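following is a predicted model, sequence given first.
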Amino acid sequence: MTSTPDPIRVATIGDIDEGAALVVDGDVNGTGEDIAVFLSEGRYYAINDICTHQYASLAEGWVEDGAVECPVHSSRFSLCSGRALNLPATQPEPTHRVELRGEEIWLYPGVPSDCVEED
Ligand code: FES
């Protein structure tokens, strides 16, 4: 059985602007992969930061309608499910659970989000 890293407090409400993201370094979050925590339409999401197509930081991308657009070749990824919504990327981003505890934003690295995508 593989163990998942402990949850970590990554920010407090107000630290991440609407439409922006905070990157939690892979060494810090324990997965070895950088994780981006996004705020979109008042809700927090976490997916891996590096695009599954080539090398780009999704935290530097454009957030709209619950998705982030890669700044390099414009693939969009669902922040809820991590699904690649258009080419050239075809592989989804791993998602991670985010929990609010009062004003604190907690990340559960390696624990998939329970977000359910609306059609
Ligand atoms: S690097 Fe992200 S779509 Fe190509």
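In hand now; what should we look at? Residues are numbered from 1 along each chain as shown.

residue 23: which element?
With secondary structure defined by DSSP states H and E, residue 23 is part of strand 21-24.

tell me where the protein has helices.
26-29 (DSSP state H).

what does the strand holding residue 23 contact?
With CB atoms under 8 Å, 6 or more residues apart in numbering as the test, strand 21-24 has contacts from 8, 10-11, 15-16, 34-39, 49, 57-59, 63, 68, 107, 109. Using the backbone N, CA and C atoms, a C-beta is placed for each residue, glycine as well.

apply 10 Å and report the result again.
Strand 21-24 is contacted from outside by 8, 10-11, 15-16, 29-31, 33-40, 44-47, 49-50, 57-61, 63, 68, 79, 96, 105, 107, 109, using CB atoms under 10 Å, 6 or more residues apart in numbering.

name every strand pairing with it and say which way it goes.
Sheet pairing here is set by DSSP bridges, and for strand 21-24 it gives strand 35-40 (antiparallel).

how about the partner strand as PDB, C-alpha atoms only?
Taking Å, rounded to 0.1, in the frame of the first residue of the first chain, the C-alpha atoms of strand 35-40 are listed here in PDB:
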ATOM      1  CA  ILE A  35       0.600  21.300  -7.000                       C
ATOM      2  CA  ALA A  36      -1.300  24.500  -7.900                       C
ATOM      3  CA  VAL A  37      -4.100  25.600  -5.600                       C
ATOM      4  CA  PHE A  38      -6.600  27.700  -7.600                       C
ATOM      5  CA  LEU A  39      -9.400  30.000  -6.600                       C
ATOM      6  CA  SER A  40     -12.200  30.100  -9.300                       C
END
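
now that strand, how far from the centre of its chain.
Counting by CA atoms, centre = their mean, to the nearest Å, strand 35-40 is centred 5 Å from the centre of its parent chain.

now that strand: mean pLDDT?
Averaged over strand 35-40, pLDDT sits at 98.

that one and the ligand in contact?
No - between strand 35-40 and the ligand, judged by CB under 6 Å from any ligand atom, nothing touches; the nearest distance is 13.0 Å.

for the protein, what lies in contact range of the ligand?
Residues of the chain lying near the ligand (CB under 6 Å from any ligand atom): 51, 53-54, 56, 70, 72-73, 75, 88-89.

wait, residue 107 touches residue 7, no?
Yes - if you go by CB atoms under 10 Å, residue 107 and residue 7 touch, sitting 6.5 Å apart.
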